[in-house]
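K.L.:
Quick one: sequence and predicted model below, then my questions.
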Amino acid sequence: MRIWVCIALLSIVLCASAERPAIVRGIVRAGEFVRDAAGGAKDMLRAYLDMRKANYIGADKYFHARGNYDAARRGPGGAWAAKVISDLREAIQTRGSGRGAEDSRLDQEANRWGRSGGDPNRYRPKGLPSKY
């Protein structure tokens, strides 16, 4: 009886420490990417809502950089979500608003700065409340 208990325990230990098959590793990585992308989208939404709430003239570049920075810190999925959302937002705003190509270019610069790990405070305007 003891031998069977030992064999069972050894089997559990070996199975628990064995390397996962490639397909399982791929599924796990895909799940992490999706989790990071969802979290990145949430970070982008939070930055957008903060921007709307702050309603502070000249602070949009800061919120662009901050949303992208927060999303990219989550990992590759977060950085991907930040890029897709930023590009889509700029494409829609360029068509719908008359703010111009220069403002869109500056927004995209702030987006790239944040995604690359740059400090969003580079774009922080003086006087913006500290809670943002």
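P.N.:
Good, I have the coordinates. Residues are numbered from 1 along each chain as shown.

K.L.:
Quick check: phi and psi on Lys131?
P.N.:
Torsion angles at Lys131 (phi, psi; degrees, to the nearest 10) stand at phi -70, psi -10.

K.L.:
So what's the residue count around it?
P.N.:
7 (other C-beta atoms under 10 Å). (Each C-beta comes from the backbone N, C-alpha and C, glycine too.)

K.L.:
next one: Lys83
P.N.:
If we define neighbours as other C-beta under 10 Å, then Lys83 has 17 of them.

K.L.:
In this structure it contacts Gly114, no?
P.N.:
No: if you go by C-beta atoms under 8 Å, Lys83 and Gly114 don't touch, sitting 10.6 Å apart.

K.L.:
the bottom helix or strand of this protein by mean pLDDT?
P.N.:
Least confident helix or strand of the chain, by mean pLDDT, DSSP states H and E, is helix 2-17 with a mean of 63.

K.L.:
helix or strand right after that one?
P.N.:
Once the chain leaves helix 2-17, the next helix or strand it forms, by DSSP states H and E, is helix 22-54.

K.L.:
tell me which residues of the helix or strand following that following helix are tucked away?
P.N.:
Of the helices and strands lying after helix 22-54 in sequence (DSSP H and E), the nearest is helix 60-72. Residues of helix 60-72 classed as buried: 60-72 (neighbour count, 16 or more other C-beta atoms under 10 Å).

K.L.:
Quick check: which helices or strands does helix 60-72 pack against?
P.N.:
Secondary-structure packing of helix 60-72 (3 or more C-beta pairs under 8 Å, 6 or more residues apart in numbering; DSSP states H and E): helix 22-54, helix 76-96, helix 101-115.
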